Every structure is written in structure tokens, then in C-alpha cells.
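**Student:** here are the coordinates; sequence isn't available:
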DNA sequence: CGCGCCGTTGATATTATTCAAGACCAGTGG
DNA sequence: CCACTGGTCTTGAATAATATCAACGGCGCG
């Protein structure tokens, strides 16, 4: 499973690209505010950047890591988007996360030393590979980096908890409304339109993420459109009536 | 909301007890293998112990921290059990976690500086208060502690992901079976019986944790008993047919 | 062009919830 | 001691929500 010339886990088809591009540098990365560099001085960013040995490019559908793979690194998404999926023993899959640029992947592997989920690219995607042991070393020297790592980890836990609330206590239409609002907010924070965006997942994947079947998702999109909440054409979504959508999702 | 003489968040009725008991020491705590001290040498445990200024005792129903409270510390459960609950804006609550001795609570507050859930004692419970800033300081000096903290965090994320799988893709009977197996395993690791234990939650709380209504949980317990999988008397549970239970939960 | 994947929609089936009634149990005060 | 009370648990019947099954249209791509 290992890539020739690399001790880090990634799928065989992934291509590792050595750094030859200045835009790849943390200090000029447009995601630095959301990612590990947040709060670091320029010298400190330099130290962080020094351990990011490579970028990993994935084509749509390729895996960054697979279930059971040895854990040795975190990955920061630079460009594109990914899903993380949990697999039950009988083959069903549950999408546990939908990740965008600035998100950090792979935290699930820290405790057991093996990844307990899979990370699959939803489109052509580029990530930074961050060797975890070296990150720990540098974090011991740079309090701000240590804190930033903890902040990222806490963000992941918070997101998971909100998803638990969604799956455990919301009805189908509330789930979809909450999902759209969450996307809206996350695009906004990244400087994109918060009202018009393109979904990167199929209806089936959205259903898996929300604990629903694809037909239910499709029907809900149709109904939301009828009711004038959104305009949907395939994966292109335009949020029309934000207040009502918020009310639906239970946000007051 | 702050306790007189303490800068750390906890409910007003919680009593802080200064350390006057040798059994309170990390090195003699029966949970040290599951908790932060794991993997530390005795000198290092001493340094960790030095920052644990106090224990927090809670009576059944009392809160360790509430939603929105300022985050300043983690808490390690020494004795008893707790639930963490997420609150939706419209008042519904979702139990996100069921925690036992050795578990670390409060990680959800790291990223925003405020707790995003509530931690409530399910029975009389005792926890160690671990000031987070000081923990970060000491973790920078002791790689093993730093790693142990990361391991604990990763464990939490893994557990959340498994719960997402449960809520998103399992049917009611699978959820209850998986819940019982998870309890069984966690009691086993703590040196208790893995086949006979007492639930610390009401049917309603179990339902909330599993995304079900209390009546559904009650019916399932009755059915599992009829089918000879378990013996249930109120909250006392005895697992009778482990293999079938595992098959139900989708574990092969 | 034809194939495969994706999305929509309708009819039906299944699952879990809701509503309702009553049993049980521990604690409390007369 | 006993009746009373509030919380918990169980069970049944009716209902609502979502899944399943099935058919078909569209779109992109080789």
C-alpha cells in the first residue's frame, strides 16, 4: 500500500509532488487562516512549512488513506473536497464528514495508529502531507502551533457533535436544511458565495451523510424548490429563502 | 457561574475538594492505563499530577460544565459516569456521549474557548480538573504526555465516528445491540464484568443517545429478552447470547 | 449512438413514533 | 404502617415518516 519512496500512507494511485511552487507555501496559502498556520508568526510558519515535505494530488474518487492503513500523517486540504466514510462490517458505508480546503484530515488515526475511516476525493483535490511525529516535535517548540493543532482537533470534535445532533434528533427536512446552511456558512468563511454553490456529492452521498436514502434527498430538494426555499438544478444550488431555511433547521 | 476561589468552570453546586488523599494520585489511580498517565514514567506522572489542582465531585444530575461556559480545563472521570448532551436551539437534546472512568471530558471547548455541550453526572461522580493551559505547557516538556493527550483526543474522535455510523446507518435493533456490545467492551477494559452490568441511564436517555424514542428502546429490551439475547430487569442487564447480539449489531 | 450513472417521481411497504393506559418502585409525609 | 406521589417502564393501537421497489428521463462520455 505504501508509495515508493514514501513511508506515508496514501493510496497507490495518488501522486506525490515535491514542492516546486511558491504558492504551495503556507504563508501564501489562501487557507492559512483556517488551517494550522493560524496565529503563527512568519518565522513560525517557516518552521511548520519545513516539515510539510510534499503535496498529495488526488483525482476524483481516489483515496487519501483507506480503512486500516497505518497512520503517520495528517493531511490539510488545499484545493478540492473530500469525504470521509466509516464502513460497517457488513459493507454499509456512512459518510462521517464532508471536507473543504483548510480542513485537516486523518485525526481519527492518532489513537490506534491505524486509520479507522477512508478519505476519498470528491473531485480533483490537492492536500499537504504533514508527518505527524514531526508535527508533534515542532508543536513542542512552538506553543502557538501546539495550540493551533488543538484548535483544529477541537473543531473536528465540535463538528462531529453537531452531526450527532443532526442524525439523532432531526427529521429529514430539518437535516437537509441544516446541511445546506452548514455548506453556506463554510463557503462564506472561505470567501465563496454563501448562497450559490455546487454540491460535490451525489444524492446518495448526501443521503449517507444525513442518514437518509437518496430518494428522500431528491424528494426534499424538489419540495424545497416548490416551496421557494432554494433553486436546484442537479448539483447547482441557490439558496433563495434563507430565513425560512433557518427556521426549518431549528435555528432561531 | 464560577466557583468561589476558582477560575474554572463548573456548576455552582459542585464541590471542589483539595487533594488530601493518596488514592487520588495519578500513579495509584486505577484508571491510569486508560487516562492521560498512560505511557508516562513515574517522574513524568509526578509532573502531570502537579498540575491537577483539585478534584470535582458531583452528585447525580449536577453539571460539570454547561453549554456556553468558558473553557479552561479538561476533566478526567475517576469514578462514576457522565453524559454529554448537545442542545438544539428549539430545546431538543441529543446525548452525544456516555462517559466512564478514565474518559476525558471537555475537549469540545478547545476550539472556540466555550463549551458546546453540557456534561451531566448520571450518578455521584468524581473527576480530576486539569487546567488546559498548564497541560499544554507540561505537554511541551514531556513528549509522552503530549502523545497521550493526542491519543485521548483521537479516541474521542473515533468514538464519535462510530456513533455517527450507528445513528446514520443502523436500524433500531442494530443500534441497541451495538450499544450493549460497546458497554460490554468498555466495562471489560475497566476490569468489570462484560456480561452483567447496570445501566446508568433511563430508557429516555438511552433513546436519545441512540436516536430512538424511549418506547422503542423499551420494546427492544423486551424483545431481546424474549429472544433470549439478554436478561433485563429495569436497568440491570445480563448478556446471555453474545454471538447473536454481535450478529445483530453487524459484527462478523 | 448506446451505455452507465445519476436524478426524479409514484405506489407501496416497513419502521419507528405518537398517543394512551396502566404497572412498578422508591421516597415521603400523614 | 400505609397511602400518596412522581418518575420510570411496559405494552397496545393508531399514525406518520421514511424506505423500498419500480419505472423512466437526462446527461456525459467512450
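**Tutor:** Ah, there it is. No experiment lies behind these values; they were computed from the predicted model shown.

**Student:** okay, CA-based contacts and neighbour counts for the rest of this
**Tutor:** Will do.

**Student:** so residue A:129 touches residue A:55, yeah?
**Tutor:** Yes - with the criterion set as CA atoms under 8 Å, residue A:129 and residue A:55 qualify as a contacting pair; they are 5.8 Å apart.

**Student:** give me the more crowded residue out of those two.
**Tutor:** residue A:129 (25 against 21; other CA atoms under 10 Å in any protein chain shown).

**Student:** any idea how far that one is from residue B:240?
**Tutor:** Here the criterion is CA to CA, to the nearest Å. By it, residue A:129 lies 47 Å from residue B:240.

**Student:** just the helices in the stretch 51-200 of chain A please.
**Tutor:** Counting by DSSP state H, counting those that start in this stretch, the stretch 51-200 of chain A has helices at residues A:132-141, A:143-169, A:172-189.

**Student:** what are the buried residues along the shortest one?
**Tutor:** Applying a neighbour-count criterion of 16 or more other CA atoms under 10 Å in any protein chain shown, one finds A:132, A:134-136, A:138-140 buried in helix A:132-141.

**Student:** tell me what the residue most central in space within chain A is bridged to.
**Tutor:** By CA atoms, centre = their mean, chain A has its centre lying nearest to residue A:99, at 1.4 Å. According to DSSP bridges, residue A:82 are recorded as the beta-bridge partners of residue A:99.

**Student:** need the contact list for it.
**Tutor:** Residues touching residue A:99, when contacts are defined by CA atoms under 8 Å, 6 or more residues apart in numbering or on different chains, comprise A:77, A:81-84.

**Student:** try it again at 10 Å.
**Tutor:** Residue A:99 makes contact with A:76-77, A:80-84, A:105, A:119-122, A:186, according to CA atoms under 10 Å, 6 or more residues apart in numbering or on different chains.

**Student:** so who does residue A:103 touch?
**Tutor:** With contacts defined as CA under 10 Å, 6+ apart, residue A:103 is in contact with A:31, A:34-36, A:75-78, A:81-82, A:127, A:152, A:155-156.

**Student:** what does the model give it for pLDDT?
**Tutor:** pLDDT for residue A:103: 96.

**Student:** state the distance from it to residue A:230.
**Tutor:** Counting by CA to CA, the gap from residue A:103 to residue A:230 is 27 Å.

**Student:** these two touch, right, residue A:114 and residue A:72?
**Tutor:** Yes - contact criterion CA atoms under 10 Å: residue A:114 and residue A:72 qualify, at 8.5 Å.

**Student:** surely residue A:77 meets residue A:31?
**Tutor:** Yes - between residue A:77 and residue A:31 there is a contact under CA under 10 Å: 8.7 Å.

**Student:** what's the overlap in contacts for the two?
**Tutor:** Shared contacts of residue A:77 and residue A:31, defined by CA under 10 Å, 6+ apart, are found at A:100-103.

**Student:** make a PyMOL selection of the buried ones in the residues you listed.
**Tutor:** Buried residues among the shared contacts of residue A:77 and residue A:31 (16+ other CA under 10 Å), as a PyMOL selection:
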select buried, chain A and resi 100+101+102+103
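
**Student:** highest neighbour count among the contacts of residue A:99?
**Tutor:** Among those, where neighbours are counted by other CA under 10 Å, the top count belongs to residue A:82, at 31 neighbours.

**Student:** for it, give me its contacts.
**Tutor:** Per CA under 10 Å, 6+ apart, neighbours of residue A:82: A:58, A:60-64, A:97-101, A:103, A:105, A:118-126, A:200-201.
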